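A predicted structure for the sequence below; I have some questions about it.
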Amino acid sequence: MTSTTAATPTGAADAASEVELTIGGMTCASCAARVEKKLNRMDGVTATVNYATEKAKVSYAEGVRVADLIATVVKTGYTAEEPPPPRVETPEPAVESGEDRELASLRERLTVSVLLAVPVVLMSMVPALQFDNWQWLALTLASPVVVWGGLPFHRAAFTNARHGAATMDTLISIGTLAAFGWSLWALFWGDAGMAGMRDEGFSLTVSRTEGSSAIYLEVAAGVVALILLGRYLEARSKRRAGAALRALMELGAKDVSVVRDGREVRIPVSRLAVGDRFVVRPGEKVATDGTVVEGASAVDASMLTGESVPVDVTVGSAVTGATVNAGGRLVVEATRVGSDTQLARMARLVEDAQNGKAEVQRLADRVSGIFVPVVLLIAVGTFGGWLGATGDTAAAFTAAVAVLIIACPCALGLATPTALMVGTGRGAQLGILIKGPEVLESTRRVDTVVLDKTGTVTTGRMTLHEAYAADGADEKQILRLAGALEHASEHPIAQAVAAGAEERTGPLPAVDGFENVAGLGVRGTVEGHEVLVGRARLLEEAGIALPDELVALKTRAEEEGRTAVAVAWDGLARGVITVADAVKESSAEAIRALRALGLRPVLLTGDNRTVAESVARSVGIAPGDVIAEVLPQDKVDVIKRLQAEGRAVAMVGDGVNDAAALATADLGLAMGTGTDAAIEASDLTLVRGDLRVAADAIRLSRRTLSTIKGNLVWAFGYNVAALPLAAAGLLNPMIAGAAMAFSSVFVVTNSLRLRAFS
């Protein structure tokens with residue numbers, strides 16, 4: 001996927017373009033480090049190569065072509081190509097992917113190698129199974145394993161040698177070929193080929209039969225089989241790790257019924273254009289983002305947001321592509337198509353995050369880049385040291401081979417990307433989009449979370465709260481008459497009154513002689529009554545006074561942060577209706593969850609302090625942590641002030657006026673129900689507008705970071721501990737091969753535990 005506008009392979013690039021290349025032939029972290037180093041040496045090029053995803057994210061200046069980038073990778077000994085554009089519709093399943101073919105080929109090579117290697121290992125390690133001339137059968141069985149089974153390692157080692165480089169394949173190839181070559185020499189020119197030759201069997205250490213009778217066929221065949229097993233398990237685990245992203249990309253509908261000249265026409269989703277109207281029947285997926293223009297239904301958005309409860313939609317409601325229509329027939333007008341849809345943007349964000357690198361991984365990459373040459377030197381030194389100290393060539397050789405085989409840097413290269421793949425993929429399933437690995441490091445430091453009030457803690461919509469009737473008046477009639485009059489007004493408060501009244505009393509009556517009194521309210525005739533709804537001043541100008549009881553109710557409502565409107569008809573004040581920006585039901589629970597994570601919640605709003613403190617009380621935020629009456633342009637100053645006090649600040653917001661503050665904060669979290677500007681400026685996007693997801697996002701980020709660090713501790717610790725043991729002769733090469741394969745599988749399996757995050 002090309003991240004931004006990028007040149008074609010034959011065209012010149014624009015300034016500061018980006019492209020994502022698929023890299024083939026990488027077998028370990030040092031391969032990725034090599035490709036990255038070569039690309040970064042090009043003028044105007046900045047590249048990050050990810051071993052786990054086999055992708056290179058490259059930023060390049062004007063004058064550099066994508067073809068130049070690909071040529072550089074090829075010269076380094078690997079393949080590179082631009083992936084096809086992303087598809088958000090379900091792909092045709094008929095063609096097996098290259099990834100599946102690679103896995104099948106690896107499985108075939110592994111199966112044959114294991115079947116042939118197991119008898120060799122058993123005969124070599126169990127003296128009771130050794131019959132006359134058993135060694136020649138062992139050679140017959142081991143040869144295909146070393147030559148054909150180990151061919152990928154030998155081919156990669158040869159390719160790297162041609163380019164003056166050494167990778168993990170170099171270590172495996174040299175180690176297994178040396179063991180096989182020694183065995184051939186001992187069998188044909190030494191004493192090992194004589195009838196009646198017996199091997200001493202299995203040993204954890206390097207102790208072997210002396211001199212020319214020592215053979216290492218079980219090492220050559222067994223290590224190849226073990227490494228292939230590790231590669232196969234690693235490849236399967238990596239595929240499982242990326243499953244969430246693939247599932248996300250395949251969520252969309254494949255075709256759609258478009259309304260053309262009053263008829264429904266079935267077309268591929270890729271031909272859908274903005275403004276087209278399409279039909280969504282019960283059980284079908286919504287083809288793309290749009291607005292409902294006909295019908296009412298419930299939409300299941302669980303695959304995008306993680307929210308299991310269907311959302312009711314009607315005319316005017318926004319719907320998102322890939323969600324499922326769970327109820328009636330809908331006609332939707334497309335507002336976004338292709339790469340602009342929320343699904344495509346989610347997939348792009350997740351993939352970008354998986355291709356990034358945390359700072360801690362860059363250290364691992366630098367180590368991997370120099371690790372293999374250092375290991376080769378250690379192996380040579382081990383052979384010379386043992387030979388000089390003991391004079392035992394077989395023991396020296398065994399120790400050197402153990403050093404070569406155990407020192408695989410694969411686990412280092414897999415430590416971060418596999419955890420990122422699983423963590424970001426699981427986040428996408430739960431409606432949490434993590435923009436990059438550096439975000440994970442930010443979540444660890446954060447101690448204060450600043451919450452925008454409107455649209456984040458509250459719904460952002462005015463809602464009817466309560467109706468208070470004066471003596472002798474009827475509450476239901478107050479709502480009917482006031483609601484009918486307000487229904488004719490466009491004001492948000494009026495619309496809240498009208499919607500709430502209709503919900504509580506049923507269909508509203510018609511209005512005659514409607515008049516909007518600017519800044520004060522509305523008047524008109526409803527069911528024969530002259531009705532006024534608005535500020536107390538509107539009633540005063542009509543000669544109508546509010547009784548003391550209504551004045552007291554109005555004052556109390558305003559002190560609690562609600563807006564109060566007076567209602568009168570036929571010359572008498574009848575009641576007071578209050579509306580408010582309702583607090584989301586989940587906000588109080590979300591605040592408790594944030595506190596449980598050690599975070600201090602702060603409410604930030606442009607509303608007056610009375611309203612802000614009322615909202616804060618209802619969700620459990622202390623009055624001292626309320627910052628009110630802040631202009632939109634001053635929100636950044638508030639964030640900077642908190643940072644100057646030594647706090648690491650996370651900001652949660654949803655509006656255009658929050659974008660700058662989100663970008664300034666140490667960690668920005670945007671509600672997915674908010675504006676594009678807020679989402680672009682944030683580090684984490686919460687797809688559904690539920691503040692509880694903010695706590696989940698921080699927990700998931702911290703868990704992913706902990707997994708990465710655990711992986712790296714294991715990978716570094718394994719090599720630090722294993723190399724001295726191998727050099728000291730305390731590890732049989734077979735044990736070394738098994739341990740090396742296990743280390744990579746352990747790192748990937750540990751990362752897969754993140755799939756269970758809930």
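The structure has been received and is ready for your questions. Numbering: from 1, shown residues only.

make it CA atoms for all contacts and neighbour counts henceforth
Will do.

Leu603 and Pro623 touch, don't they?
No: checked against C-alpha atoms under 8 Å, the pair Leu603 and Pro623 is beyond contact range at 9.1 Å.

for the residue lying closest to Gln135 once chain neighbours are set aside, give its distance to Leu129.
Excluding the flanking residues, the one nearest Gln135 by C-alpha to C-alpha, 6 or more residues apart in numbering is Gly193, at 7.1 Å. Taking C-alpha to C-alpha, to the nearest Å as the measure, Gly193 and Leu129 are separated by 17 Å.

tell me the buried residues in the host helix or strand of Ser124?
Using DSSP states H and E, Ser124 sits in helix 98-125. Neighbour-count burial for helix 98-125, counted by 16 or more other C-alpha atoms under 10 Å, picks out 103, 106-107, 109-111, 113-114, 116-125.

what's the first helix or strand after that helix?
Tracing the chain C-terminally past helix 98-125 and defining elements by DSSP H and E, one meets helix 134-144 next.

so, low pLDDT: which residues of the stretch 151-300 of the chain?
When the per-residue scores of the stretch 151-300 of the chain are filtered using pLDDT under 70, the ranges that remain are 199-214, 230, 234, 237-251.

the helices in it, which residues?
Using DSSP state H, counting those that start in this stretch, the helices found in the stretch 151-300 of the chain span residues 151-162, 168-188, 217-241, 243-249.

what sits against the nearest residue to Thr605 once chain neighbours are set aside?
The spatially closest residue to Thr605, leaving aside those adjacent along the chain, is Ala628, at 5.0 Å (C-alpha to C-alpha, 6+ apart). The contact partners of Ala628, taken as C-alpha atoms under 8 Å, 6 or more residues apart in numbering, are 603-609, 612.

need the max-distance pair from the residues you listed.
Leu603 and Asn608 (12.2 Å; C-alpha to C-alpha).

comparing those two, which residue is more hemmed in?
Leu603 (23 against 13; other C-alpha atoms under 10 Å).

just say helix, strand or coil for that one.
Following DSSP: H, G, I helix; E, B strand; the rest coil, the label given to Leu603 is strand.

same question for the one 3 residues further on.
At Gly606, secondary structure determined by three-state DSSP is coil.

look up how far Lys635 lies from it.
Gly606 sits at a distance of 9 Å from Lys635 (criterion: C-alpha to C-alpha).

neighbours of Thr382, how many?
Residues lying near Thr382 (other C-alpha under 10 Å) number 25.

ok so, going back, so which of Gly193 and Leu129 has more stuff around it?
The neighbour comparison of Gly193 against Leu129 (other C-alpha under 10 Å) goes to Gly193, with 21 against 13.

which ones are touching that one?
Contacts for Gly193 (C-alpha under 8 Å, 6+ apart) come out as 133, 135-136, 186-187, 213.

and the gap between it and Ala138?
Computed with C-alpha to C-alpha, the distance linking Gly193 and Ala138 is 11 Å.

any regions of the stretch 1-150 of the chain where pLDDT drops low?
Judged against pLDDT under 70, the low-scoring parts of the stretch 1-150 of the chain cover residues 1-16, 28-29, 52, 83-99.

please identify the buried residues of stretch 160-176?
Judged by neighbour count using 16+ other C-alpha under 10 Å, the buried positions of stretch 160-176 are 160, 165-176.

wait, I meant stretch 719-733
Buried positions in stretch 719-733, judged by neighbour count with 16+ other C-alpha under 10 Å: 719, 722-723, 725-733.

off-centre distance for it?
38 Å (C-alpha atoms, centre = their mean, to the nearest Å).

and it, what's its mean pLDDT?
Taken as a whole, stretch 719-733 has a mean pLDDT of 78.

so the residue nearest to Arg277 when sequence neighbours are not counted, which of the three states?
Nearest in space to Arg277, with sequence neighbours left out and distances taken as C-alpha to C-alpha, 6+ apart, is Glu333 at 4.3 Å. Three-state assignment for Glu333 (three-state DSSP): strand.
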